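# I would like the atomic coordinates for the input below:
(one chain, ligands or ions: 1)
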Amino acid sequence: MVTRISDALLLSLAMAMSGNQAVKLVGIYGSPRQGGNSDTLLDAALKGAEQAGADVHRITVRDLQFVPCQGCQYCSRHGECRIKDDMGVIYEALDDSDVVLLGSPIYFTSLPAQAKAMIDRCQPYWARKYVLKQGPPETDRIGGFVCCCGTQDDRFLACTEQIVKTWYFIMGVKYRGSMFVPGLDAPGDAAKHPTAAKDAFIYGKQLARN
Ligand SMILES: Cc1cc2nc3c(=O)[nH]c(=O)nc-3n(C[C@H](O)[C@H](O)[C@H](O)COP(=O)(O)O)c2cc1C
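Alright, predicted model coming up:
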């Protein structure tokens, strides 16, 4: 019988045996479009991270059921969200990760509503930091952003990236820059692009090693 063990698995085993824990990376799919361009880029980046030995956890925001932030201020008093829904899965994954990697397209110079709703529901991190003065603790956690947009105009990135940078800052995650591909619009454009998937693979690999 032939048993095939992937490079990533061998690397994880070697790290575990040497006492080094594999880096825990959460990859968050932020687009509402299944199999779209940002999915393709994030898939490639996460494969790169796995090749670097990371323990990768994938979360697909469009598959989760959660409501937007209601601005009720409960988190400013209690340090956590009053609403119990699928955001719990995301909080848990964020809190358990060394590396956070969001993949998303640009929608109207911003993020799709689903991804933005996830970020708004991270208000408890803001409340703990600024109202309750409870952190986040100093950590070496880092974050990245795999992003695409339909036009060739790369000015769209700045506004969207500012949202992502602020989200990371509030959570005590150090932003390590984006991997951005403009000019991807129709489904399949990312797969047809001459370098996008390869570049995303390298980006994910480097992020996991950082
Ligand atoms: C509602 C909506 C808003 C969009 N807004 C922008 C925009 O502001 N700038 C841009 O260049 N592309 C914009 N696009 C194009 C998407 O960024 C592009 O189609 C992207 O490839 C979608 O990624 P996905 O396949 O991962 O969903 C928009 C698309 C939609 C559906």
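
# Low-confidence stretches in this protein?
Applying pLDDT under 70 to the chain flags residues 1-19.

# Whichever residue of the chain sits closest to the ligand: how many residues sit nearby?
When distances are taken as Cβ to the nearest ligand atom, the chain reaches nearest to the ligand at residue 36, 2.2 Å away. Every C-beta, even on glycine, is put in place using the N, C-alpha and C of the backbone. Summarising burial for residue 36: neighbours were counted as other Cβ atoms under 10 Å, giving 21.

# My guess is it contacts residue 105. True?
Yes - between residue 36 and residue 105 there is a contact under Cβ atoms under 8 Å: 7.0 Å.

# And the strands in the chain?
In chain order, the chain shows strands spanning 24-29, 55-60, 99-105, 142-148, 174-181, with DSSP state E as the criterion.

# and the angle for the longest one with strand 99-105?
Computed with axes from the mean of the first three to the mean of the last three Cα atoms, to 10 degrees, the direction of strand 174-181 lies at 30 degrees from that of strand 99-105.

# list the buried ones in strand 174-181?
175, 176, 178, 179, 180, 181 (16 or more other Cβ atoms under 10 Å).

# what about that strand, near the ligand?
No - if you take Cβ under 6 Å from any ligand atom as the test, strand 174-181 misses the ligand, and the best it gets is 8.8 Å.

# Tell me which residues are up against that strand.
Defining contact as Cβ atoms under 8 Å, 6 or more residues apart in numbering, one finds that strand 174-181 is touched by 37, 41, 45, 140-148, 154, 157, 161, 164-165, 168-169, 190, 193, 196, 199-200, 203, 207, 210.

# Drop anything exposed from those residues.
Among these, those scoring as buried are 37, 41, 45, 141-148, 157, 161, 164-165, 168-169, 190, 193, 196, 199-200, 203, 207 (criterion: 16+ other Cβ under 10 Å).

# Skipping adjacent residues, who's closest to residue 209 in space?
residue 52 (5.0 Å; Cβ to Cβ, 6 or more residues apart in numbering).

# Those residues of the chain touching the ligand, which are they?
Along the chain, the residues adjacent to the ligand under the rule Cβ under 6 Å from any ligand atom are 31, 33, 36-39, 105-109, 148-151, 153, 156, 184-185, 187.

# Need the buried ones from those residues selected in ChimeraX.
In ChimeraX, a selection of the buried entries from those looks like this (16+ other Cβ under 10 Å):
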select :31,36,37,38,39,105,106,107,148,149,150,156,184,185
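
# Could you tell me which of the residues of the chain next to the ligand are located in helices?
Secondary structure of the residues of the chain next to the ligand is defined by DSSP state H; positions in helices are 37, 38, 39, 156.

# contacting residues around the first one?
I take that to be residue 37. Counting by Cβ under 8 Å, 6+ apart, residue 37 makes contact with 31, 105, 148, 181, 184, 185, 187, 188, 189, 190.

# for residue 141, same thing?
Applying Cβ under 8 Å, 6+ apart to residue 141 gives the contacts 97, 98, 99, 100, 171, 172, 173, 174.

# The fifth one and residue 135 touch, don't they?
So that's residue 171. No - Residue 171 sits out of contact with residue 135 when judged by Cβ under 8 Å, with a separation of 9.6 Å.

# With that, I have no additional questions.
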